[in-house]
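In: no letters, just coordinates:
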Ligand code: ASP
């Protein structure tokens, strides 16, 4: 029997993009005010997680609510932190994974969404290798969809946790010099970060070879600067965000890995050119010896592990927003 579309629920759609209220598909369509509210709630959850007594209380916030995690593409940090975020709030979770090779776009994705919704999921967190997949699913469901990374498009919760981490080290995003280095072209993390940082008046510089950073990337947001020389770019950086070279998306590109390492790897020598209080970030998974050396990744300026930890309270804030919980 074919799976039919369940009847529409009472929850309103967001008229601007025609998807269930509470969905988080990208940073582009969020306002700075909405993002700030997420940061405030994440910060509150963060403090409450730190104390055993209040940590217990948190399990009442989403007690018994059903969160489905639909992962069509590999993930460690995002998947685990969404699951722990949901469980910290008392929600019930289920994880559905699929081998990337068996994924088809269109009806098969939508039918999976209908199935998950029909079993009672109240929010769907989804990662998918195709750009726009989260938007497609959200247009067909009546429960909110949270984009956990769609192809080369966006990874909104990564940008939220990145900016949240920056704000724990720096007073404000306004005027902050953020240097993003590496495979910008394939990076949904870069795209979401560029969107977010531009909304808050940060100054974003992108650095990488033309194969991974086409000149037209400067049109991603107003004021974006492109630098090909890492040494020069490091001198004024307050935050240095290193990106992985996405080997799974390199087909057809003529990238010389040895040249890449020689010119763009973040090494202790290069770090000596950067301000002493510059913060090093990486969304993971990092490939030690490729874009970053182990010494830099584990050094005193690295906030890489902290980023992962911050993903939990930030995703708690995103899940409560999705389910319409105010506190
Ligand atoms: N984990 C990030 C993502 O899913 C970055 C990466 O894979 O390199 O986009």
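Out: It's in. Treat the numbers as computed from the prediction; the structure is a model and nothing was measured.

In: contacts, neighbours, all on C-alpha from now
Out: Fine.

In: residues contacting residue 36?
Out: By CA atoms under 8 Å, 6 or more residues apart in numbering, no residues touch residue 36.

In: now do the helices in the stretch 1-150 of the chain.
Out: Secondary structure of the stretch 1-150 of the chain (DSSP state H, counting those that start in this stretch): helices at 32-50, 52-58, 77-88, 107-118, 133-140.

In: if we look at the third one, which residues are touching it?
Out: By that I understand helix 77-88. 55, 58-59, 62, 67, 69, 71, 92-93, 148, 284, 308, 311-313, 315-316, 319.

In: and the ligand, which of these contact it?
Out: residue 284 (CA under 6 Å from any ligand atom).

In: could you flag which of the contacts of helix 77-88 are buried?
Out: Buried members of the contacts of helix 77-88, scored by 16 or more other CA atoms under 10 Å, are 55, 58-59, 62, 67, 69, 71, 92-93, 148, 284, 308, 311-313, 315-316, 319.

In: picking up where we left off before, which of the helices of the stretch 1-150 of the chain has the lowest mean pLDDT?
Out: Of all these, the minimum mean pLDDT falls on helix 107-118 (a mean of 87).

In: for that one, which positions count as buried?
Out: Across helix 107-118, burial judged by 16+ other CA under 10 Å covers 109, 110, 111, 113, 114, 115, 116, 117.

In: now it against helix 133-140, angle please.
Out: Interaxial angle of helix 107-118 relative to helix 133-140 (axes from the mean of the first three to the mean of the last three CA atoms, to 10 degrees): 60 degrees.

In: contacts only, for residue 303.
Out: Per CA under 8 Å, 6+ apart, neighbours of residue 303: 165, 279, 280, 281.

In: any idea how far the ligand is from it?
Out: 15 Å (CA to the nearest ligand atom, to the nearest Å).

In: just the pLDDT at the residue in the stretch 1-150 of the chain positioned nearest to the ligand, thanks.
Out: Proximity of the stretch 1-150 of the chain to the ligand (CA to the nearest ligand atom) peaks at residue 149, 5.9 Å away. If you check residue 149, the pLDDT there is 98.

In: closest to residue 206 out of the helices of the stretch 1-150 of the chain?
Out: helix 32-50 (21.9 Å; CA to CA).

In: so which bits of this protein are right by the ligand?
Out: 149, 188, 189, 244, 283, 284, 285.

In: show me what contacts the nearest residue to the last one once chain neighbours are set aside?
Out: Which is residue 285. Distance criterion CA to CA, 6 or more residues apart in numbering; nearest residue to residue 285, sequence neighbours excluded, is residue 244 at 7.1 Å. Under the criterion of CA under 8 Å, 6+ apart, the neighbours of residue 244 are 182, 183, 284, 285, 286, 287, 291.
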